[in-house]
Every structure is written in structure tokens, then in C-alpha cells.
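Student: Would you be able to build a 3D model of this:
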Amino acid sequence: MSGRQRTLFQTWGSSISRSAGAPGCSSGNERPQNPSVSKARFPAAAEAAVAQPESDDDDVLLVAMYEAERQLSLENSGFCTSAGALWIYPTNCPVRDYQLHIARAALFCNTLVCLPTGLGKTFIAAVVMYNFYRWFPSGKVVFMAPTKPLVTQQIEACYRVMGIPQFHMAEMTGSTHAVTRKEIWSNKRVLFLTPQVMVNDLSRGACPAAEIKCLVIDEAHKALGNYAYCQVVRELVKYTNHFRILALSATPGSDIKAVQQVITNLLIGQIELRSEDSPDILPYSHERQVEKLVVPLGEELTAIQKAYVQILEAFASSLIQRNLLMRRDIPNLTKYQIILARDQFRKNPSPNIVGVQQGIIEGEFAVCISLYHGYELLQQMGMRSLYFFLCGIMDGTKGMTRAKNELRRNEDFMKLYNHLECMFAHTRSTSASGISTIQKGDKDFFYSHPKLKKLEEIVVEHFKSWNAQNTSEKKCDKTRVMIFSSFRDSVQEIAEMLLQHQPIIRVMTFVGHASGKSMKGFTQKEQLEVVKQFRSGGYNTLVSTCVGEEGLDIGEVDLIICFDAQKSPIRLIQRMGRTGRKRQGRIVVILAEGREERTYNQSQSNKRNIYRAISGNKQALHFYQRSPRMVPDGINPELHKMSIINGVYQPEKPSRNLKQKSSIFSHRNGK
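Tutor: Alright, predicted model coming up:
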């Protein structure tokens with residue numbers, strides 16, 4: 001040993017060749033380099049450092065880092081025993097027991113978290129992601145969301161909660177070039193992206209699948225069939241079994257079968273389910289008053305409906321006579337039932353039906369499916385939505401040449417179509433300009449469905465009563481209304497109707513990115529701008545399609561109006577989650593008398609059955625039992641109190657009596 005005092009790294013470096021088991025753990029704030037890269041870059045330095053204990057500090061430090069990384073990658077799949085001795089939960093915000101319990105459970109088992117909207121699913125995800133970021137210093141953490149705006153929103157939300165340095169985080173969408181994404185995968189550790197992007201990067205080998213240690217899946221109820229979420233999990237399993245899955249959703253599925261598919265596809269080992277009535281979330285949720293209003297169709301709409309049913313009979317009777325449609329109750333047939341009948345015909349065609357005759361029957365099925373879709377539009381949305389749909393057939397926009405020719409030959413249809421054209425032709429010519437149309441307003445607005453009149457009354461009454469109860473200036477800026485409708489034509493119609501009540505009601509539409517002939521779509525930038533202005537008070541009423549249902553932080557909404565019934569309880573739950581976050585909310589579901597009312601009642605029954613089945617009989621579901629442990633035996637993570645400074649976690653100096661000081665936050669892990 002030389003006369004000068006050696007540093008710790010020098011001492012460690014000089015004994016590397018003799019001590020193969022030197023422990024090591026990289027800092028959680030700096031991404032370790034790849035060992036092979038380090039050795040390849042400086043092979044001479046590495047050999048010199050081992051052979052010459054007296055070499056320069058930099059060379060020895062390099063060897064020490066290389067050895068630490070090598071040991072880390074060989075042992076425990078990259079798990080850092082030093083960081084893994086504890087798990088961290090932030091207490092800078094009020095601690096909620098259900099969030100603490102769910103976060104701890106999600107660390108040690110693949111978990112599906114089902115919480116009503118606004119109760120902190122993203123917060124739980126941030127806690128889990130932060131701990132895996134610490135536990136696996138060379139690993140990667142991935143957060144997947146189904147849309148670009150959601151990805152942008154979630155990276156901002158997680159950064160406000162987590163203590164991960166911003167330069168370790170990155171956002172990737174389809175607009176990010178493939179070469180750039182490959183670079184990001186190499187240099188960043190916490191990635192936020194859409195699932196299709198990850199599928200593409202896995203297929204081309206750009207994503208280091210074996211390095212992924214935590215996968216968070218937002219809006220997990222979408223993980224059905226061959227959706228991109230399912231493809232990602234299937235691909236990752238080919239490379240490694242050592243990664244944790246955390247799935248988030250406001251509702252697990254539309255029925256028990258769908259829930260089981262989500263569990264199977266995402267390798268879920270347990271469900272953490274809370275409904276609005278769960279005792280542990282009641283202190284943190286606000287009352288939501290749900291009202292169901294059933295509106296009669298009225299004389300004019302009933303007359304149009306009768307004329308339309310006669311047209312349906314003319315086209316469906318041929319299929320009924322051939323016994324291809326078993327149900328003879330024409331008005332109560334549905335589009336879905338006709339699609340099932342067509343599929344059955346294709347699987348088991350009659351031996352007497354061949355060649356040209358088979359093509360004729362296929363054409364009759366296609367016409368009936370289209371007509372019954374129009375029938376649903378007429379009942380739920382009104383005459384204008386039906387007219388716009390039929391226009392798409394008759395002008396060739398939808399490419400249904402055969403249906404167009406068949407309908408032209410039907411006198412009853414042409415008579416009805418011409419009647420609707422006289423009523424709404426001027427509306428269609430102006431609505432193609434999209435957003436600008438609703439800025440004009442229409443003093444002679446025609447209510448194509450009685451539900452529109454009822455909706456107008458509810459919205460106007462809401463703002464009037466709010467103004468009467470509040471005396472401050474800009475009273476209408478303090479309350480917001482959100483209206484949901486499934487079809488863009490209906491969204492446009494509702495917005496035009498409400499524009500008559502400016503400036504009390506300041507309305508804006510909110511639709512997806514795809515553009516149609518009747519309405520221009522919104523780009524991601526435009527969607528985020530609309531949401532921003534709605535939150536800040538630029539608009540106080542937002543009329544949205546399903547794009548506004550899931551995920552996006554719309555802000556506090558006092559009144560939600562559902563203009564149509566949803567067969568799936570998922571969409572209704574997502575809509576209802578837009579209100580009741582910070583104060584009491586009101587939800588009004590406007591239903592047309594008859595079929596739509598029955599559809600809504602059935603969906604509510606399905607929702608109750610799902611929660612009852614999962615909560616009371618989890619044995620009915622088959623969970624993934626081989627969920628990877630992710631941490632070695634003997635590690636007992638316990639909780640340390642943390643504080644936040646400028647968005648980055650800074651651990652407080654632990655007292656000698658840590659267990660006594662933070663006993664309510666310390667939990668031993670028995671696994």
C-alpha cells in the first residue's frame with residue numbers, strides 16, 4: 001500500500017478480482033450505465049485498474065461502478081437490497097386509509113384497482129411506480145393510457161405526486177418518431193405512452209422488455225380480445241416473468257364474463273374494489289343525486305316512427321318469410337339481433353340457398369341493419385339525427401350502393417325522406433363547417449325530439465337557480481354543466497339549441513379527432529385547449545361525445561346530463577364520475593319512453609349484479625396465482641415518512657425512535 005490514503009472506491013476496486021460478491025446498489029437518482037457498454041468503452045482502464053491498485057481514482061471508480069452494476073444485474077433480477085428494505089408512501093397529503101391499503105397490496109401482487117372516478121387511482125399508481133423506480137435502479141417503469149390526451153395528463157399528474165426526477169421521465173405517442181423512441185427507451189426510466197406505441201416498439205425490438213419492472217395500465221376495462229393492452233402483456237411474458245402489473249379502472253367490466261377476461265389478459269392476482277357505498281371511501285366522496293326523467297315521444301315523432309316501422313316491415317318481412325329472422329315483432333327488433341341472425345346464416349346456410357340468391361339475402365340483411373340503426377337514432381336522438389344518417393346513405397358517403405338503390409325503389413321511404421329533407425336540409429348545409437356553426441345560433445330552433453326541450457329546461461333552470469343562490473359577480477363562471485350524447489350530429493344539435501341562451505350559457509362541443517362530413521374533429525391540441533378553457537371558466541357548458549367520458553381531468557362539474565341510455569354500465573359510470581368530486585353533484589338521465597327506458601333499467605341491473613358478484617363471491621372469478629414476487633425472501637419493506645420540496649421527494653432525517661414516531665405508517669410485509 002502506498003503512503004497516501006486510499007479512498008473507499010480505491011480499496012473496493014483493488015479487491016474486485018478477489019471478491020466476486022461485493023454488494024452494490026446504484027443511486028435511484030441517476031440511471032446506471034449498461035455494464036457491457038462501460039467495459040466496451042474503457043477496456044484498458046478496467047484491466048489497468050484491476051492489475052494496478054495504485055491507478056488513478058477515475059479508473060478505479062469506473063471499475064467499481066461496473067462491478068456494482070454487474071452484481072446488481074446478476075442478483076435478484078436487478079433488485080437493490082438497500083432500497084428494497086423499505087417502501088415509501090408520501091404523507092405530505094392527508095393519508096387516506098383505502099389508498100394506503102391498496103398501494104401496499106399493489107406492490108406485492110398484480111392488482112386490479114377499481115375506484116370511482118376522482119378518488120385517487122393516479123395517486124396510488126404514482127406511489128407504486130415510485131417504489132419500483134427505487135427498488136430496481138436499472139429497471140424501467142411504464143404507464144400506459146389509451147389516448148394521447150390521457151398520456152399527457154397522466155405524466156403531469158404523476159410528476160406532481162412522485163419524487164422521480166423529471167429528466168428520467170418521458171412521454172411517447174404515435175407522433176414520436178421510431179428512432180427517437182428507441183433513444184428514449186435507452187436513456188429514460190419512467191415512460192408514459194399509448195399501448196399501440198409499445199406494441200410497435202416491442203415488435204421491432206426497440207423496447208428493452210426484460211428491463212421493465214412495473215407496468216401500469218389505465219382504463220383497464222379495455223383489456224378485452226386483442227386490444228393493445230393484451231398484446232403488450234403477452235409480449236412481455238415472452239421476455240420476463242419479473243414485472244409487476246397495476247391495472248386501474250372506474251369499473252371492472254360490463255358483466256362477469258368481461259371482468260374475467262380482464263383478469264386473465266392482465267395476469268391479475270387480486271381485485272381491490274370500492275363502490276360509492278364502500279365505508280372507507282364515504283368520508284372522501286360527495287353525494288351524487290341521480291335523477292331519471294322519462295320523456296314521451298310526442299305526436300309528431302310518433303307519426304314519423306309509425307311511418308318508419310312500415311318501411312322496416314317491408315324490408316324485414318322477406319327475411320322473416322325465409323325463417324332467417326325468428327322474431328316477428330318488427331318494432332322491438334334490434335340491430336344486434338339482426339347481426340346475430342346474419343352471422344348464423346353465414347355459418348349454417350341453407351342448402352336451398354346458393355349463388356345469386358345468397359347475395360340477395362346478404363343485401364337484405366345489410367339494408368335491415370342500416371335501417372334499424374336509423375330506428376334507434378330516431379327514438380333516442382330525434383328526427384334530425386335520423387335525417388343526417390339517411391343522407392349519408394343516399395348521397396353515397398357511406399358507400400352503401402346496394403342499400404341506396406333498394407331504398408330508392410321504396411315509395412314509403414322516399415316519401416319520409418323527402419319530408420325530413422324539407423325540415424332539415426338547411427341545417428345540414430351549415431353544420432359541415434363544424435365548430436363555427438354553433439357560434440351563429442338559431443332563433444327559430446326546431447326541436448327534433450322532445451328530449452331536447454327537456455334538456456334545455458334543465459340547463460336553463462340550473463343556471464338560474466345558481467345565480468339566485470350566489471350574489472358574486474360572474475356567477476355563471478362558478479358552476480359547470482356537462483352533457484353527453486353518443487353521436488356527433490346530436491352533439492351539434494344540442495349546442496345550437498343552447499346557444500340561444502348566451503351569455504348565461506356559454507357552450508362548446510367536445511369530440512374525437514376523426515373528421516366526418518357533418519362535423520370537423522378535434523386534434524389532441526384542440527381537445528386539451530377546450531378542457532383547459534372549460535376548467536378556467538371560458539365555457540360553462542360542454543357538450544361531449546364518449547371522448548369526454550374516460551380519464552380526462554375535466555374539472556369540477558355540478559350537473560351531468562346523459563342525453564341517451566347506455567347498454568354497458570361502464571360508460572354510464574364513467575359519465576357519472578365527472579361530478580361529485582369536490583362538492584355535491586347532480587346527474588340527470590333523460591330517456592325516451594319505451595325501448596330506451598328499458599335499456600337503461602337493464603344496464604343498472606347489470607351494474608348491481610357485477611359489484612354483488614365480485615364483492616360477495618370472488619370465488620366465481622379465476623385469478624392469476626403465479627404473480628411474481630418481485631422482491632427476494634427476507635425483505636420486510638416498511639414505511640418511511642416523506643415530505644415534498646419543489647415536487648421532488650426529500651426524505652426527512654429519521655429519528656432514533658422511528659417505529660414509535662411513525663407507527664401508524666409502518667407496516668411489515670410478511671411475504
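Student: Next, the spatially most central residue of the chain: phi, psi?
Tutor: Nearest residue to the geometric centre of the chain (C-alpha atoms, centre = their mean): residue 219, 3.4 Å. Note on residue 219: its backbone torsions stand at phi 50, psi 50 [degrees, to the nearest 10].
Student: How confident was the prediction at it?
Tutor: Residue 219 carries a pLDDT value of 89.
Student: Unless I'm misreading it, it sits right up against residue 146, doesn't it?
Tutor: Yes. Counting by C-beta atoms under 8 Å, residue 219 does reach residue 146; the two are 5.2 Å apart. Every residue, glycine included, has its C-beta placed from N, CA and C.
Student: if I look at the residue nearest to the centre of the chain, how far off is residue 81?
Tutor: 35 Å (C-beta to C-beta, to the nearest Å).
Student: do residue 235 as well
Tutor: Applying C-beta to C-beta to residue 235 and residue 81 gives a distance of 29 Å.
Student: and what of residue 328?
Tutor: 72 Å.
Student: which of these two has more neighbours?
Tutor: Set residue 328 next to residue 81 and count neighbours by other C-beta atoms under 10 Å: residue 81 wins out with 17 against 10.
Student: Tell me which helix or strand the more buried one sits in.
Tutor: Per DSSP states H and E: residue 81 is located in neither a helix nor a strand.
Student: what's the spacing between it and residue 605?
Tutor: Counting by C-beta to C-beta, the separation of residue 81 from residue 605 is 52 Å.
Student: again with residue 139
Tutor: Remark: distance between residue 139 and residue 605 (C-beta to C-beta) = 45 Å.
Student: my guess is residue 316 contacts residue 365, does it?
Tutor: No. Using C-beta under 8 Å, residue 316 is not in contact with residue 365; the gap is 9.9 Å.
Student: now the helix or strand encompassing residue 601: mean pLDDT?
Tutor: Per DSSP H and E: residue 601 is located in helix 595-616. Helix 595-616 shows a mean pLDDT of 73.
Student: Stretch 228-242 too?
Tutor: Across stretch 228-242, the average pLDDT comes to 91.
Student: What are the boundaries of the strands in the stretch 501-650 of the chain?
Tutor: 507-510, 541-544, 559-562, 585-592, 639-640, 642-645, 648-651 (DSSP state E, counting those that start in this stretch).
Student: could you say what helices and strands the fourth one packs with?
Tutor: It stands for strand 585-592. Applying 3 or more C-beta pairs under 8 Å, 6 or more residues apart in numbering; DSSP states H and E, one finds that strand 585-592 makes contact with strand 288-295, helix 450-469, strand 559-562, helix 569-576, helix 595-616.
Student: Indicate which one of those is closest to residue 481.
Tutor: Judged by C-beta to C-beta, the one of these that comes nearest to residue 481 is strand 559-562, at 4.5 Å.
Student: could I have that closest one exported to CSV, CA atoms only?
Tutor: Provided in CSV are the C-alpha atoms of strand 559-562 (Å, rounded to 0.1, in the frame of the first residue of the first chain):
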residue,chain,number,x,y,z
LEU,A,559,-74.5,19.0,-13.3
ILE,A,560,-74.1,16.0,-15.7
ILE,A,561,-76.8,15.3,-18.3
CYS,A,562,-76.9,12.0,-20.2
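Student: May I ask you to confirm that residue 142 belongs to a strand?
Tutor: Yes. Membership of residue 142 in a strand is supported by DSSP: H, G, I helix; E, B strand; the rest coil.
Student: buried stuff in the longest helix seen in the chain?
Tutor: For the chain, the longest helix by residue count, based on DSSP state H, is helix 356-380. Buried positions in helix 356-380, judged by neighbour count with 16 or more other C-beta atoms under 10 Å: 361, 364-372, 374-380.
Student: right, and the helix or strand after that helix?
Tutor: On the C-terminal side of helix 356-380, the closest following helix or strand by DSSP H and E is helix 383-394.
Student: report the angle between the axes of that next one and helix 450-469?
Tutor: 130 degrees (axes from the mean of the first three to the mean of the last three C-alpha atoms, to 10 degrees).
Student: Please name every helix or strand in contact with helix 383-394.
Tutor: In terms of contacts (3+ C-beta pairs under 8 Å, 6+ apart), helix 383-394 is packed against helix 299-321, helix 356-380, helix 401-408, helix 411-431, helix 488-498.
Student: Now that helix: buried residues?
Tutor: Buried, per 16+ other C-beta under 10 Å, within helix 383-394: 383-394.
Student: show me what contacts the closest residue to residue 486 other than its chain neighbours?
Tutor: Spatial nearest neighbour of residue 486, excluding adjacent residues (C-beta to C-beta, 6 or more residues apart in numbering): residue 564 at 5.3 Å. Taking C-beta atoms under 8 Å, 6 or more residues apart in numbering, we find residue 564 in contact with 380-381, 484-486, 490, 596.
Student: Could you identify the pair within those residues that is furthest apart?
Tutor: By the measure C-beta to C-beta, 484 and 596 form the most distant pair in the contacts of residue 564, at 14.2 Å.
Student: ok, those two, which is more surrounded?
Tutor: Neighbour tally, residue 484 and residue 596, criterion other C-beta under 10 Å: the higher count belongs to residue 484, 28 against 20.
Student: Break the protein into its domains for me.
Tutor: Following the assignment in the TED database, the chain carries domains at 81-269+623-642, 288-296+447-607, 299-427.
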